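Peer 1: test case, fold it:
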Amino acid sequence: MSAGGEHTREGRLLGGRYRLTRRIGSGGMGTVWQAHDELVDRDVAVKEPRLPGDPQDEHRQRAAHRLYREARAAARVDHPAAVSIHDVVVEEDGLPWIVMELVRGESLHEVLRRGPVDAREAARIGLAVLGALGAAHAVGIVHRDVKPANVLLGPHGRVVLTDFGIAHVQGEESLTMSGEFVGSLEFVAPERMSGRSAGPPSDLWSLGVLLYAAVEGASPFRRTTVESTLAAVIASEPPEPKQAGPLGPLIARLLVKDAEQRPGAEETEAVLEAVAEGWPVPALAEDEMTEAQDASRPAESGDDSGTVRLGGGTPARAATAPTAPTAPTAGREPETAMAGPESEAPAPAPAPEVPAAAPSPEAPAPAPEPVTVAAGQEPGADTAATSAASAPLVLVRPVLRRRAVLAVAAAALVGGTWFAASRFAEPGESVTGHTATYESAPARATPSATASASTGAWVAHPESDMDAVLSLPAAYKESAREGGTGGRPRLVVYDTGLVQVRLTEWDRAPGNPLDAAKKAFDTWNGAYHDASGSQYRTAYQDLDAAVADTAYGKRETPARVVQLFVVTEDDRMYELRVDMPKGTPSERKGMAVFKQARDRLVIAKNRTTAPYARTTP
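Peer 2: Sure thing, here's the model as predicted:
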């Protein structure tokens, strides 16, 4: 679009109420205008999207419709640090113009042209951005372009994250077409470079780069060419920031290449808040996963669908949060800024854990004898499928021993029940182990030596009623088993005390995985009124899946629960869940167990055609 063409738009009336007054800025995704809302007599910002192709072109029309849907979805993001979207106006050419609040101030990008900010100010800005991202993730939106140009510093110390115009609604087709890429390369997470689409951890990576740039003045991955920038993001370790002070360890953890090894939103928030307020900084949890990653292993369950590759190619299947204020950095007079793309060099941007359940009032069914599996060893084969009536989701809330054992009252969840909680004892679990290979899942355990908890061996537990094999460290013992009768799902619980692991199977999925994840969060929040976390769609062994990572009970005994929901080809549902106390060494162990148990889990994709989903872990 020529400058002359843009000039002719001044004075144009959109939707019968928004009159364009001046151009604020433009970039690859469109032009941002200041406009006057004649209906309510206020100034607003209006983003004119830029889409290639003829207005009558079918692909362009589809892209415009997706942009309209994404803009409407972004309007659901409700947070003081997220720019407010007031309206979406579709003109005759089919393009949706996005009407937003006008934030008067300057961008962090402009501030950094004058020099870096100190660690405390960077933490304050990062805390606000994290809050906006948390609000977006809570409604299934990933920003995908967190960078200094999209962070505005407004009056009274307000920090605003803008440009949700390229945000992606998880679980829906992406706005970008195959071969296109969204985001500024030096701020884009490495998993997106390798063909996975964005998830919440990708936005946290970008936040880490933004924090680095804030204290050092520039991104650690900035290079002179697109190719060298891309290579730096994928393969180079960033130099240690010299001016980060207490933010240094957090920045380093946020910039870990493996998305699952990055700290979560709550851990990040705790550090940012401490630095911003001048409090002692809490130590970051060290991940205890010591296993080397096998390049031949399947994609992580954190991958999600709809991803696009740089330079062409087909979309890859799926991969796998609070604010405080100070005045903008002193300098020139602040200008009016908005969610406008602003050039930066070079440009084109968990799994949770869970508590376990207590025994049901009925006598638990006898557990199958576990099998210790060594690398390359395969358990016996002989499968027996069992069918049971479909039933709604069931959640279990564990209770720590230092509180009394709590009988949890019945709570509705898709018409289901919430059953009793069990005790926690001091754990002795080990999360190290070696990879096992499964050719099929046995209906019965084959004789094998019993593993000692002190060896760190992993034990395969054949769950024949569920057509599954659940592998756990040897220290985990069965504590509850229920279901298969009376319309209830089948479930089994193993624990060491503080960390509990549960596997559940429904004969008919109560809903799609993302809905199940959202309902799980709603249930925790309904019971404790303080839940926080994320839910996102992913893929697990070519099957539709979703993850819910929830923290709750902050006023009493903080807990964290991570749930993976998977729907099979024949419309059954599995849930792998790990419950753990939050903010303790057991949380790290619980997360490590979740990741390895997920990777080793064997489930039946389809009882009639393919006995088990996995041939290699």
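
Peer 1: can you map out the strands along the stretch 101-250 of the chain?
Peer 2: Under the criterion DSSP state E, counting those that start in this stretch, the stretch 101-250 of the chain carries strands at the ranges 103-104, 106-107, 141-142, 151-153, 159-161, 168-169.

Peer 1: nearest to Ser219, of these?
Peer 2: Nearest to Ser219 among those is strand 151-153 (13.5 Å), distances taken as CB to CB. For every residue, glycine as well, the C-beta is placed using N, CA and C.

Peer 1: tell me which other helices or strands that closest one touches.
Peer 2: Applying 3 or more CB pairs under 8 Å, 6 or more residues apart in numbering; DSSP states H and E, one finds that strand 151-153 makes contact with strand 106-107, helix 108-113, helix 119-138, strand 159-161.

Peer 1: winner for burial among the ones you listed?
Peer 2: strand 159-161 (a mean of 27; mean count of other CB atoms under 10 Å).

Peer 1: following the lowest-mean-pLDDT helix or strand in the chain, which helix or strand shows up next?
Peer 2: Lowest on mean pLDDT, DSSP states H and E among the helices and strands of the chain sits strand 418-419, with a mean of 26. Sequence order places strand 458-463 as the next helix or strand after strand 418-419, per DSSP states H and E.

Peer 1: in its sheet, what does that following strand sit against?
Peer 2: Looking at strand 458-463 with DSSP bridges, its partner strands are strand 371-372 (antiparallel), strand 468-473 (antiparallel).

Peer 1: if we can go back for a sec, as TSV, the helices and strands packed on strand 151-153 with distance to Gly217 and mean pLDDT would be great.
Peer 2: What follows is those, written out as TSV (distance: least, CB to CB, whole Å; pLDDT from 0 to 100):
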stretch	distance to Gly217	mean pLDDT
strand 106-107	15	95
helix 108-113	6	96
helix 119-138	11	96
strand 159-161	19	96
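
Peer 1: how is the protein divided into domains?
Peer 2: Per the TED database, the structural domains of the chain span 12-101, 106-168+184-277, 459-603.

Peer 1: dump the ones you listed to TSV, plus distance to Leu284.
Peer 2: Output for these, formatted as TSV (distance: least, CB to CB, whole Å):
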stretch	distance to Leu284
domain 12-101	23
domain 106-168+184-277	6
domain 459-603	10
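
Peer 1: wait, doesn't Val90 sit right on Tyr68?
Peer 2: Yes. With contact defined as CB atoms under 8 Å, Val90 reaches Tyr68; the gap is 6.5 Å.

Peer 1: overlap in contacts of the two?
Peer 2: Listed as contacting both Val90 and Tyr68 by CB atoms under 8 Å, 6 or more residues apart in numbering are Pro96.

Peer 1: before we move on, the earlier item: of all the helices and strands packed on strand 151-153, which one comes closest to Trp279?
Peer 2: The nearest among these, by CB to CB, is helix 119-138 at 10.6 Å.

Peer 1: against which helices or strands is the closest one packed?
Peer 2: By 3+ CB pairs under 8 Å, 6+ apart, helix 119-138 packs against strand 151-153, strand 159-161, helix 200-216, helix 265-277, strand 532-540.

Peer 1: using PDB, write down the CA coordinates of the third one.
Peer 2: In PDB, the C-alpha atoms belonging to helix 200-216 read as follows (Å, rounded to 0.1, in the frame of the first residue of the first chain):
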ATOM      1  CA  PRO A 200       2.200 -20.900  26.200                       C
ATOM      2  CA  PRO A 201       5.800 -21.900  26.700                       C
ATOM      3  CA  SER A 202       6.600 -20.200  23.400                       C
ATOM      4  CA  ASP A 203       5.300 -16.900  24.700                       C
ATOM      5  CA  LEU A 204       7.400 -17.400  27.800                       C
ATOM      6  CA  TRP A 205      10.500 -17.800  25.700                       C
ATOM      7  CA  SER A 206       9.700 -14.500  24.000                       C
ATOM      8  CA  LEU A 207       9.200 -12.900  27.400                       C
ATOM      9  CA  GLY A 208      12.700 -14.200  28.300                       C
ATOM     10  CA  VAL A 209      14.200 -12.600  25.200                       C
ATOM     11  CA  LEU A 210      12.300  -9.300  26.000                       C
ATOM     12  CA  LEU A 211      13.700  -9.300  29.500                       C
ATOM     13  CA  TYR A 212      17.200  -9.900  28.200                       C
ATOM     14  CA  ALA A 213      16.800  -7.000  25.700                       C
ATOM     15  CA  ALA A 214      15.400  -4.800  28.400                       C
ATOM     16  CA  VAL A 215      18.500  -5.100  30.600                       C
ATOM     17  CA  GLU A 216      21.100  -5.400  27.900                       C
END
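
Peer 1: the domains of the chain: which one's closest to Ala283?
Peer 2: Nearest of the domains of the chain to Ala283, taken as CB to CB: domain 106-168+184-277 at 8.3 Å.

Peer 1: ends of that closest one, what's the gap?
Peer 2: Taking CA to CA, to the nearest Å, domain 106-168+184-277 runs 24 Å from one end to the other.

Peer 1: closest to Glu106 out of the strands paired with strand 458-463?
Peer 2: strand 468-473 (52.7 Å).

Peer 1: which element follows that closest one toward the C-terminus?
Peer 2: Scanning forward in sequence from strand 468-473 by DSSP H and E, the next helix or strand is strand 477-482.

Peer 1: could you point out which element follows that following strand?
Peer 2: Toward the C-terminus, strand 477-482 is succeeded by strand 490-495 as the next helix or strand (DSSP H and E).

Peer 1: show me what contacts the nearest residue to Ala122 once chain neighbours are set aside?
Peer 2: Closest residue to Ala122 apart from its sequence neighbours, by CB to CB, 6 or more residues apart in numbering: Ala214 at 3.9 Å. For Ala214, the contacting residues are Leu108, Leu112, Pro116, Val117, Glu121, Ala122, Ile125, Gly126, Pro148, by CB under 8 Å, 6+ apart.

Peer 1: same check, this time on Pro249
Peer 2: For Pro249, the contacting residues are Val271, Leu284, by CB under 8 Å, 6+ apart.

Peer 1: I'd guessed Val561 sits against Gly553; true?
Peer 2: No. Val561 is beyond contact range of Gly553, at 10.0 Å (criterion: CB under 8 Å).

Peer 1: between the two, who's got more neighbours?
Peer 2: Legend: neighbour count by other CB atoms under 10 Å for Val561 and Gly553, higher for Val561 (33 against 22).

Peer 1: can I assume the more buried one sits in a helix?
Peer 2: No. Looking at Val561 with DSSP: H, G, I helix; E, B strand; the rest coil, it is strand, so not inside a helix.

Peer 1: so how far is Pro49 from it?
Peer 2: Here the criterion is CB to CB, to the nearest Å. By it, Val561 lies 39 Å from Pro49.

Peer 1: with Arg192 instead?
Peer 2: With CB to CB as the criterion, Arg192 and Pro49 are 22 Å apart.

Peer 1: again with Gly583
Peer 2: Distance, Gly583 to Pro49, by CB to CB: 43 Å.

Peer 1: what do you get for Glu106?
Peer 2: Taking CB to CB as the measure, Glu106 and Pro49 are separated by 24 Å.

Peer 1: same question for Met29.
Peer 2: Between Met29 and Pro49 the distance is 7 Å, computed by CB to CB.

Peer 1: over to Arg9?
Peer 2: Distance, Arg9 to Pro49, using CB to CB: 13 Å.

Peer 1: low-confidence ranges, the stretch 251-400 of the chain, go.
Peer 2: 285-400 (pLDDT under 70).

Peer 1: let's go with 90 and repeat that
Peer 2: Counting by pLDDT under 90, the ranges of the stretch 251-400 of the chain that qualify are 260, 282-400.

Peer 1: and Pro249, how far from Asn150?
Peer 2: According to CB to CB, Pro249 stands 25 Å off from Asn150.

Peer 1: His461 contacts Leu472, correct?
Peer 2: Yes. Counting by CB under 8 Å, Leu472 is a contact partner of His461 at 6.7 Å.
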